[in-house]
Structures are given as structure tokens and as C-alpha cells.
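Trainee: Curious how this folds, go ahead:
(one chain, ligands or ions: 1)
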Amino acid sequence: ERLAERPHVVLLASPGAGHLIPLAELARRLVELHGFAATVVTFTNFSAPELLACLPASVATAALPAVQIDDLPATARNGGVLVELSRRSLPNIRALVRSISNSSTAPLAALVPDFFCSSALPIAVELGVPGYLFVPSSLAYVAFTRHIVELNQGAAPGEYRDLVVPLELPGGVSLCGADLPDPEHQLYPQLVEWGRSYCLADGVLVNTFYEMEPATVEAFKQLAVPEQGSCAFFFPPVFPVGPFVRQTDRHEPTAGALSPCLEWLDRQPAGSVVYVAFGSGGALSVEQTAELAAGLEASGQRFLWVVRMPSTDVGRCGAGGDDPLAWLPEGFLARTSGRGLAVAAWAPQVRVLAHPATAAFVSHCGWNSTLESVGCGVPMLAWPLYAEQRMNAVLLEEKLGMALRVPPAREDGRCLVTRHEIAKAVKELVEGGQKVRRRVEDLQKAAARAWLPEGPSRRALEQVAVKWKAALGTAK
Ligand code: UDP
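Mentor: Okay, the predicted model is just below:
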């Protein structure tokens, strides 16, 4: 059967490794297991060609033309920028989806934008096809979103201070004020508005799996039961279909430049190395970078550290120039050579985590990093920085017990994590930490089961595929 004759699913990926990689893995499953053809649509603004080069071969890609965004902050780390980018791209998205649907003899089966592209959901309505939102984050994040939409129903969005804290989410995740996603007050109306836009979806596909958030999955089942006679608040049904993690067998295009990490790991004893990385957008202050260096040094442990440019108010032309390694404290690399390796900007993370030498992961708790750590059975030291990462850290430490957490910001507003705290936590995780290790190994097994033939995530996606095929039968 030729791909051109299969019903087509179009998926929209907002910029960022953490959005594109799991969406492409979802697309691959739709093609390889469910008989669809799939096109992943990406944006030219903030595009990362090296990411596109390693997408699954069975998935087609198409890029939207660049749009004017000079008036917006120049960072793809900012969710508001991504939402606005997708809004401004709507005419192009509409044209592209229509042309994909017209160019094939087979019908369009569904439109699947990720959560920053929810403004495209009305296009699915216009074309009369199912529109499903993809959330590359936890189900707890969806529960949080649902909660604030319900709270602000029919009213102008209020403010964060309207929330009663600790906020008890359905499923038992309890969040204090500082752990709420994007806890800056001025962002609250925006979060409510995004949440409202999710309600146009026919379903929400979430990159999580049952054992990662069992109580939250169960809570959503209860919420889905409509109360008799009530004009109940509507939120689309959720489908935990993950974990979607980048496959390690595919070559990273820059593998040559990255292999020093892996070669270095090959020379380290099994279970001895702490991997330190803060995702594609995480940056520490200059002061915090120096403190982390001192902490790693004091821990006496082996480490592999992906060093990113520190965030700095004085711009990027300070003493260190634009080489992140130049911002490390004087003599640090020499003093730790042999037991530590610092690499600039990027490492082949999934391969590093899968390497037998890797013992623990100091992480910003981005959801993809989290699922990758689970998939490799590596316990974490949770060091959340922004977005919904503090909420992820609560889930990992308190609900799942697979992570220790660096001490959160103190009352006095000082949010520096000290060298002593870092050294202590890192040592505890590598030398002790049996309990967290056991927990993450249990989750690793559960993650693998989720996608076995009768696994819960596989069945959830199957259910969705059946719905889409049934809708094809009834489409005009
Ligand atoms: N990543 C990587 N090398 C790095 C840093 C990040 O390959 O040095 C990948 C990582 O494996 C993950 C993604 O980039 O798949 C980051 O996504 P995550 O959700 O963890 O964090 P974000 O970058 O969105 O904050």
C-alpha cells in the first residue's frame, strides 16, 4: 500500500526539541502501527535543521514560511512567543493543511497541533476532521490547566492570587504557590486563555503513561463521566499515549562532534558518572554556574556537564565571550580533569542517559528529560528552573520518589543553590540513593510495558486511531 493512499494525519510542532521530538514519535506510531500517512509541520522561525534531519524516515515533514516576529522577545523558550508565532502563521497553516489534503487521493484523517499551536484547532472544525491537541508534558499539567479554566468559567480571567494554595489537583498532586507553572502573576490570564483554547479539541493526547501518574489518570476518568442533567463544564477527553522519547539508534547528525562525550563515558566505571544538563533553554546565572562548579568539585564524583551560556544582565559580551566553558571558574577544568568532562551547549542526551557509566541526572525537569531518565532507569536530582518544571519536580520527588530535589528558593528571596547543598545531594544520589534508584527502575519497566502490544498507552492510541477511522467513514 502506498503512503499516498493512506488517510493522512497532519501534526503541528511548535519550535523546540522538546516539542518536535515527541510529536514525531507519535507520528511514527500512527504510520507504522495504524496505517496512516503523517506529515509533521514545523516553523521556519526558530527552526533547528539538525533536529529535522533525525526525524523518523516514515514521517513526512513540511515547513511553514517564516513570519514577522521582530516585535516579540527573541526567544523560543517563551511560551507566549510560540503561541503568537502560531497565531500569526494561521493563514499559512490553513493553506498548507488544505494543500496536503488536496494533493493526496486519500482523505485528511485528523489535525494534531501541539499545545502551543492550539489556535489551529478551528481549522480542523472548518475541514470537518477531528482536531486533537498534543501535550508534550504531564497529565498533571493538563489537570492544572483544566482547573484554572473551570475556575474562570464565563468570567474574565482573574489572577494567580485567586487560586487557593496549596492547590490540590485531581489525582493528588499538591502545589504550593512557588511550584505553580509560570507563577508570575502577569502570565495568569494568558494561561487561562490557552487553557480555554484547548477546549476546542476533540481529545488531548498526552505524553505520559499510566504508572507515571496513576491517580491523575483515574481522576480524569471520573471527571469524564457527565453528571446527569447538569450543564457540566466541558473539557476534552485525555489519552495518555506516551512515553515518546527519541530513539537512540538513529544517528544524530552532529554525532561526530558529540562522540567525545560517549567516548569519555566508555572510559568511566559503570554507574559512576553524574550527568548535568538543563535542557534546550535552561540557563543558570553566572554566580549559580560558579556555585554548581564548586559543588561538583566538592562532591568528589565523576561528572559530565553540558554547560550553557549563563543568563546575564550585562549581555553576552562579558569576560567569557560566547563560549560557555569560558564562564567556568578559573582552574576548574584543570582541577577536575580526569574525573569530569564539561561540554559546551549540547550532548546526545538519550545516549548519555542510556550509557552504563551514567549513575544520576542533575536536571531542570523538562518533561522530555524526565521521560528519558525514566526510560533509562536513571534517578534524578531535580533542579527546576521555569515553565512547569517545579510542578514536575513535585511529581518526581513527592509522588514518584524517583528524584531528590535541590532546596527551593528560600524565604529571604535568595535563590542560589549552594555548593554544599549540591555536593551533598550529588553524593547522596550516587553513593546512597537505593530507594530512588529502585523507584526509577520500577518506572523504567512500566514505561517499557506501556507500549507492549497490550500496554495501556498503545491501547489508548489504538482507541484514538479507531475513532479517526470511524470519522472518515462518516465524513462528507
Ligand atoms: N537535549 C539533548 N542534549 C542536550 C540538552 C537537551 O539532546 O544537551 C534534548 C533532550 O534529550 C530532550 C530535549 O532536548 O529531548 C529537551 O526537552 P525537555 O522537555 O527536557 O526540556 P526543554 O528543552 O523543553 O526545556
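Trainee: Could you measure from A298 over to the ligand?
Mentor: According to CB to the nearest ligand atom, to the nearest Å, A298 stands 24 Å off from the ligand. Where you see a C-beta, it was placed from the backbone N, CA and C, and this is true even at glycine.
Trainee: That residue against E421, yeah?
Mentor: No - checked against CB atoms under 8 Å, the pair A298 and E421 is beyond contact range at 10.5 Å.
Trainee: Read off the pLDDT value for whatever residue of the stretch 1-150 of the chain ends up closest to the ligand.
Mentor: Using CB to the nearest ligand atom, the single residue of the stretch 1-150 of the chain nearest to the ligand is G18, 2.8 Å away. The score at G18 is 93. That number is its pLDDT.
Trainee: Next, the buried residues of whichever strand or helix holds V192.
Mentor: Here V192 sits within helix 188-198, counting by DSSP states H and E. The neighbour-count check on helix 188-198 (16 or more other CB atoms under 10 Å) flags 188, 191-192, 194-198 as buried.
Trainee: Quick check: mean pLDDT of whichever helix or strand comes after it?
Mentor: Counting by DSSP H and E, the next helix or strand C-terminal to helix 188-198 is strand 203-206. Per-residue pLDDT values over strand 203-206 give a mean of 98.
Trainee: what's strand 203-206 packed up against?
Mentor: strand 132-135, helix 139-151, strand 238-240, helix 456-474 (3 or more CB pairs under 8 Å, 6 or more residues apart in numbering; DSSP states H and E).
Trainee: now with 10 Å?
Mentor: Applying 3 or more CB pairs under 10 Å, 6 or more residues apart in numbering; DSSP states H and E, one finds that strand 203-206 contacts helix 17-34, strand 108-113, strand 132-135, helix 139-151, helix 214-224, strand 238-240, helix 456-474.
Trainee: P456 contacts E213, correct?
Mentor: No - taking contacts as CB atoms under 10 Å, P456 lies outside contact range of E213: 11.6 Å.
Trainee: Can you work out which residues contact both of these two?
Mentor: Counting by CB atoms under 10 Å, 6 or more residues apart in numbering, the contacts common to P456 and E213 are P240.
Trainee: what about those two, which has more around it?
Mentor: Comparing P456 with E213 by other CB atoms under 10 Å, the one with more neighbours is E213, at 25 against 18.
Trainee: got a list of what the more buried one touches?
Mentor: E213 touches 138-140, 142-143, 171-173, 206, 219-220, 240, 395, 399-400, counting by CB under 10 Å, 6+ apart.
Trainee: Filter those down to the buried ones and express that as a PyMOL selection.
Mentor: Restricted to buried positions by 16+ other CB under 10 Å, the PyMOL selection for the contacts of E213 reads:
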select buried, resi 138+139+140+142+143+171+173+206+219+220+240+395+399+400
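Trainee: unless I'm mixing things up, V204 is touching V135, no?
Mentor: Yes - V204 is in contact with V135 according to CB under 10 Å; the separation is 5.9 Å.
Trainee: between those two, what contacts are shared?
Mentor: Common neighbours of V204 and V135 (CB under 10 Å, 6+ apart) are 115, 142, 145, 198, 238, 240.
Trainee: from what I can see the second one touches C199, true?
Mentor: Just to be clear, that refers to V142. No - in this structure V142 lies outside contact range of C199 using CB under 10 Å: 11.8 Å.
Trainee: Need the residues touching each of these two.
Mentor: In contact with both V142 and C199: 133, 235-236, using CB under 10 Å, 6+ apart.
Trainee: Going by neighbour count, which of the residues you listed comes out on top?
Mentor: L133 (27 neighbours).
Trainee: show me the contacts for that one.
Mentor: 12, 111-115, 117-118, 120-121, 142, 197-206, 236, 238.
Trainee: any idea how far V350 is from L452?
Mentor: Going from V350 to L452 by CB to CB, to the nearest Å gives 20 Å.
Trainee: Which single residue of the protein ends up nearest the ligand?
Mentor: Closest point on the chain to the ligand, by CB to the nearest ligand atom, is G366, at 2.3 Å.
Trainee: Check the spacing between the nearest residue to that residue once chain neighbours are set aside and W346 real quick.
Mentor: In space, and not counting its chain neighbours, G366 is closest to G279: 4.1 Å by CB to CB, 6 or more residues apart in numbering. From G279 across to W346, the span is 11 Å (CB to CB).
Trainee: swap in A63?
Mentor: Remark: distance between A63 and W346 (CB to CB) = 22 Å.
Trainee: Now do the phi/psi pair for P157.
Mentor: Dihedral angles of P157 (phi, psi; degrees, to the nearest 10) stand at phi -60, psi 130.
Trainee: isn't it right up against L163?
Mentor: No - the pair P157 / L163 is not scored as a contact, 11.7 Å apart, by CB under 10 Å.
Trainee: Common neighbours of these two, please.
Mentor: With contacts taken as CB under 10 Å, 6+ apart, P157 and L163 have 148, 151, 188 as neighbours in common.
Trainee: before we move on, the earlier item: quick one: which of the contacts of E213 is nearest G271?
Mentor: Nearest to G271 among those: L400, at 20.7 Å, using CB to CB.
Trainee: For the closest residue in space to the closest one that isn't next to it in sequence, report the pLDDT, please.
Mentor: Leaving aside its chain neighbours, L400 sits nearest to R439 (6.3 Å; criterion: CB to CB, 6+ apart). Note on R439: pLDDT of 98.
Trainee: Now do R439 against G271, distance only.
Mentor: For R439 relative to G271 (CB to CB), the value is 16 Å.
Trainee: Which strand or helix spans the closest residue to L72 other than its chain neighbours?
Mentor: Nearest non-adjacent residue to L72, counting by CB to CB, 6+ apart: V81, 5.0 Å away. Per DSSP H and E: V81 is located in helix 79-88.
Trainee: mind listing what I148 touches?
Mentor: Contacts of I148 (CB under 10 Å, 6+ apart): 157-158, 160, 162-163, 167, 180-181, 188, 191-192, 194-196.
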